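K.L.:
Model the following, please.
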Amino acid sequence: MRIRAEEAAKANGVELFDFEERLQGKRWWFRVTLDRIGAPVAIEDCERVSKDLSARLDVEDIVPHAYELEVSSPGLERPLRNKADFERFAGSRAKVVLAPLGEERGGALEGVIKGAVLENVVIEADGVERSIPFGRVKRAHLVFEFPKKNG
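P.N.:
Model prediction:
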C-alpha cells in the first residue's frame, strides 16, 4: 500500500512525506501526507493524489475491504524529522524538544533555525545561538508566524 501511495505522489509531482494505516472498527484507515520541495502542497495536489491512489487501489484490488483514505500536507507546523529538514527550513521558527544528556536536563526551546552543521542542529533562541546534537532532538516542528502587517 505504501508503495502505491509513493507511486501516486510521484506521478502527481509531489512526494510522500508520511504514510499511516490502521484498523478502526471494521474499516481500514489510510493517511497519506504529501510534501513538495520549493512550493507548498495545494488542495488540488491532495485531490489529484487521492483520486489517483483510489483508482490504483480499486483496479489492483489491493484492499479487498472497506477503507477510508485521507490525503493531506504536513501543515504549517510540520514536523522536522532529520538534518535535511533543518537545512531546508533554515531561517524559519521552530520548537525543539530535547532529551536529557548527562548533567543537562531535557526541555524545549523555540527559536530560529540557523541550519545543520555536521551532526548538530543550530538554533538561535533568545539571542543565543545553540548547537544541539541531532541525537538529542526528541521531536521538533515549525512554528507558524502570522505575517506582520505594514503600517
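K.L.:
doesn't R4 make contact with L16?
P.N.:
No: the pair L16 and R4 does not pass the contact test of Cβ atoms under 8 Å, sitting 10.2 Å apart. C-betas here are computed from N, CA, C, even on glycine.
K.L.:
Which residue ranges make up each domain of this structure?
P.N.:
For the chain, the structural domains run 2-72, 83-142, going by automatic domain parsing.
K.L.:
And the helix or strand where E7 lies, what does it pack against?
P.N.:
Counting by DSSP states H and E, the element that carries E7 is helix 2-11. Secondary-structure packing of helix 2-11 (3 or more Cβ pairs under 8 Å, 6 or more residues apart in numbering; DSSP states H and E): strand 15-24, strand 27-35, helix 43-60.
K.L.:
let's see 10 Å
P.N.:
strand 15-24, strand 27-35, helix 43-60, strand 67-72 (3 or more Cβ pairs under 10 Å, 6 or more residues apart in numbering; DSSP states H and E).
K.L.:
Out of these, which one sits most buried?
P.N.:
Across these, averaging neighbours per residue (mean count of other Cβ atoms under 10 Å) puts strand 27-35 on top, at a mean of 18.
K.L.:
quick one, that one and helix 2-11 angle?
P.N.:
Relative orientation of strand 27-35 versus helix 2-11 (axes from the mean of the first three to the mean of the last three Cα atoms, to 10 degrees): 40 degrees.
K.L.:
Strand 27-35: how far from the chain's middle?
P.N.:
13 Å (Cα atoms, centre = their mean, to the nearest Å).
K.L.:
could I have that strand exported to CSV, CA atoms only?
P.N.:
Taking C-alpha atoms only, strand 27-35 is exported to CSV below (Å, rounded to 0.1, in the frame of the first residue of the first chain):
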residue,chain,number,x,y,z
ARG,A,27,-12.8,-0.4,8.5
TRP,A,28,-9.2,0.3,7.4
TRP,A,29,-8.0,3.9,7.5
PHE,A,30,-5.1,5.2,5.4
ARG,A,31,-3.5,8.6,5.9
VAL,A,32,-1.2,9.8,3.2
THR,A,33,0.8,13.0,3.9
LEU,A,34,2.4,14.8,0.9
ASP,A,35,5.2,17.2,0.6
